[in-house]
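# This is a predicted model, with the sequence first.
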Amino acid sequence: MRLIGHLADEKAARTFADYLYVQKIENHLDYEKPDGWGVWVNDEDKIDEATRLLTVFQANPTDPKYRAEGRRSLSQEGA
């Protein structure tokens, strides 16, 4: 498990975590003062992809695709 970065806003962090989940990248969030929400990726083989996705997310966190994917992750959990 490895820390790939931080997001200051909890809502953004949860949206990104859901997005990673849909991309089949298991992860979890931890609040770490003063940096905000740490994004941890479980699978070492997916670190590079997750880091790339985080960079893209940080450039445009309000892109509607992230919310749509987040809703999809919720429906997958219930399946």
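Cool, the structure landed.

# Give me the distance between Thr62 and Val39.
Taking C-beta to C-beta, to the nearest Å as the measure, Thr62 and Val39 are separated by 18 Å. (C-beta placed from N, C-alpha, C; glycine too.)

# More neighbours: which of the two?
Neighbours were tallied for Thr62 and for Val39 using other C-beta atoms under 10 Å; the higher tally belongs to Val39 (25 against 8).

# does that one really touch Ala8, like I thought?
No: with contacts defined as C-beta atoms under 8 Å, Val39 does not count as touching Ala8, sitting 11.8 Å away.

# pLDDT (mean, whole number) over the helix or strand Trp37 falls within?
The secondary structure element spanning Trp37 is strand 36-41 (assigned by DSSP states H and E). Along strand 36-41, the predicted confidence averages to a pLDDT of 98.

# Quick one: residues in contact with that strand.
Where contact means C-beta atoms under 8 Å, 6 or more residues apart in numbering, the residues beyond strand 36-41 that reach it are 1-10, 13, 16-17, 20, 25-32, 47, 50, 54.

# Give the pairing partners of that strand; include direction for each.
In the sheet containing strand 36-41, the strands it pairs with under DSSP bridges are strand 2-7 (antiparallel), strand 27-32 (antiparallel).

# ok, and which of those has the densest surroundings?
Comparing the strands paired with strand 36-41 by mean neighbour count (mean count of other C-beta atoms under 10 Å), strand 2-7 ranks first with a mean of 18.

# and for it, what are the contacting residues?
By C-beta under 8 Å, 6+ apart, the list of residues contacting strand 2-7 from outside reads 13, 16, 32, 35-41, 44, 47, 50-51, 54, 58, 61.

# Ok, stretch 50-63 next?
Residues external to stretch 50-63 that are found in contact with it (C-beta under 8 Å, 6+ apart): 4-5, 7, 9, 12, 15-16, 19-20, 23, 25, 27, 39, 41, 66.
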